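In: Here is a sequence with its predicted model. Questions after.
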Amino acid sequence: AWGRSGWGFGELVRGYLPSDPSRYTLRGLNLARQDDGSVLVNALLVFGVERVDAYELERLRQEVALEAERVVAYLREKDPLVFGTARLAGVAPALYIRESRHLKALYRLKAEEVLLGRSFPDAVALGGYPLDGQAYSPGETPYLLGTPAPYGVPFRSLVPRELKNLLVVSQAAGFDSVAAFSARVVPLQMALGEAAGVAVALLRRAPQAGLMKVPLADFHELAASGQALEALRKRLAQRGARLSSPEGGRVEAERPGYREAVALLRRGLFAGPYYLKGSLGLSEPILLGDFLANLEHYYRAKGPEERLRVVLKARELYRGELQRPLRRALLNQLLQALGEDKLAGTDPVTRGEAALLLYRLLP
């Protein structure tokens, strides 16, 4: 716990049996205490939500509200010391859709640009939330790809390629899927919403305010005008926006495995711990849990099922070592079980070595 926030209860939630295990799962609880003493709980995952029809989403929300009642009853029974007096006061007014479609924007923010803290001349907001993603199917290990150095979000990521009179602000803006693991969060979206509003005002008033010699026809012209972007960023800075940071990432382009690590990262297949900030960490030892997570995510999506069973069995057998560096002897046992050649060398197995190996194993 920290201040009004709390998180954890991993062992407790593992015993929860959903009404439909193919639709719901309960992950570790994220808790936030409000002024009136009530507690917000973020923990229930719903799978297979692909529709974008508003009526269907509302019907599904009402179904999930019944599952939330079941969750509270479970918590009361299993931990009466903490949850014995808990009752469900209500549910969110809408489902939180972490990801759906993404905009074809003038610029599409990439995963490595987020992790390594890239800055942009047209940045209109600053992000830095960890690159985390929840399971896409029941039982899947969550995604964690590291913590970014502060990164800029370019104005161009809000501008559709084929529409001239629209800006898009949400997790559906011009982000790659993995980049959206970080860029989706509400504080950054609030900053982007402010930037979009200021851009609208600038487009309307720039000539009258003496900011531009000639009127701007649309947001495409604004995005292409250095003078207009400078005026936009200056106005945002006057309003208190942070658009840059002295803290930068560490690019390891000369290290073996860099190209392969970037390619894997863009697909969500190069897991990294929270403490790995602003770096791919190619010279660091790779953790056993991170290596297995990469294999698991790929084999769940692409198969073959035999290889997925090997990986899941390894997670079960070596649960106590998941947060420790991967031992080369154990790696070679795993490779042998997968029908692959052993990896020569001595400990530790670095993340650069792992990137080269995973790039070959996960085509």
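Out: That came in fine, so what should we check first?
In: Count the neighbours of the nearest residue to E296 once chain neighbours are set aside for me.
Out: Closest residue to E296 apart from its sequence neighbours, by CB to CB, 6 or more residues apart in numbering: V311 at 5.0 Å. The C-beta positions use only the backbone N, C-alpha and C, and glycine is treated the same way. Counted by other CB atoms under 10 Å, the residues lying close to V311 total 23.
In: Tell me the helix or strand right after the helix or strand containing V311.
Out: Element membership of V311, judged by DSSP states H and E, is helix 305-317. Moving toward the C-terminus from helix 305-317, the next helix or strand (DSSP H and E) is helix 328-337.
In: still on that earlier bit, residues in contact with the residue nearest to E296?
Out: By CB atoms under 8 Å, 6 or more residues apart in numbering, V311 lies in contact with 292, 295-296, 299, 334.
In: In JSON lines: those residues, plus pLDDT and distance to A179.
Out: Formatted as JSON lines, these follow (pLDDT from 0 to 100; distance: CB to CB, whole Å):
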{"residue": "L292", "pLDDT": "98", "distance to A179": "24"}
{"residue": "L295", "pLDDT": "98", "distance to A179": "23"}
{"residue": "E296", "pLDDT": "98", "distance to A179": "22"}
{"residue": "Y299", "pLDDT": "97", "distance to A179": "24"}
{"residue": "L334", "pLDDT": "97", "distance to A179": "30"}
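In: Drop anything exposed from the residues you listed.
Out: Taking 16 or more other CB atoms under 10 Å as the criterion, what is buried in the contacts of V311 is 292, 295-296, 299, 334.
In: Specify which member of those residues is nearest to A195.
Out: Within the buried ones among the contacts of V311, the smallest distance to A195 is 37.7 Å, found for E296 (CB to CB).
In: What does that closest one show for phi and psi?
Out: E296 adopts backbone torsions of phi -60, psi -50, taken as degrees, to the nearest 10.
In: any idea how far it lies from V251?
Out: Distance of E296 to V251, given as CB to CB, to the nearest Å: 28 Å.
In: Show me this protein divided up by domain.
Out: 5-84, 111-239, 258-361 (the TED database).
In: quick one: which of the ones you listed is nearest R101?
Out: The nearest among these, by CB to CB, is domain 111-239 at 5.8 Å.
In: From the chain's centre, how far out is that closest one? Work that out for me.
Out: 16 Å (CA atoms, centre = their mean, to the nearest Å).
In: The stretch 151-300 of the chain: helices as residue ranges?
Out: Applying DSSP state H, counting those that start in this stretch to the stretch 151-300 of the chain gives helices spanning 180-183, 186-205, 219-224, 226-238, 258-266, 288-302.
In: Report all helices and strands that the first one contacts.
Out: In terms of contacts (3 or more CB pairs under 8 Å, 6 or more residues apart in numbering; DSSP states H and E), helix 180-183 is packed against helix 111-115, strand 132-133.
In: taking the mean pLDDT, what do you get for stretch 95-106?
Out: Mean pLDDT, computed over stretch 95-106, is 90.
In: send the alpha carbons of it over as PDB?
Out: In PDB, the C-alpha atoms belonging to stretch 95-106 read as follows (Å, rounded to 0.1, in the frame of the first residue of the first chain):
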ATOM      1  CA  LEU A  95     -16.400  -1.000 -19.800                       C
ATOM      2  CA  TYR A  96     -12.800   0.100 -20.100                       C
ATOM      3  CA  ILE A  97     -11.700  -1.200 -23.500                       C
ATOM      4  CA  ARG A  98      -7.900  -1.200 -23.300                       C
ATOM      5  CA  GLU A  99      -7.400  -1.600 -27.000                       C
ATOM      6  CA  SER A 100      -9.500  -1.800 -30.200                       C
ATOM      7  CA  ARG A 101      -8.800  -0.200 -33.600                       C
ATOM      8  CA  HIS A 102      -6.000   2.300 -34.100                       C
ATOM      9  CA  LEU A 103      -6.000   5.400 -36.300                       C
ATOM     10  CA  LYS A 104      -4.100   5.600 -39.600                       C
ATOM     11  CA  ALA A 105      -2.500   8.800 -38.600                       C
ATOM     12  CA  LEU A 106       0.200  11.100 -40.100                       C
END
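In: Sounds good, over and out.
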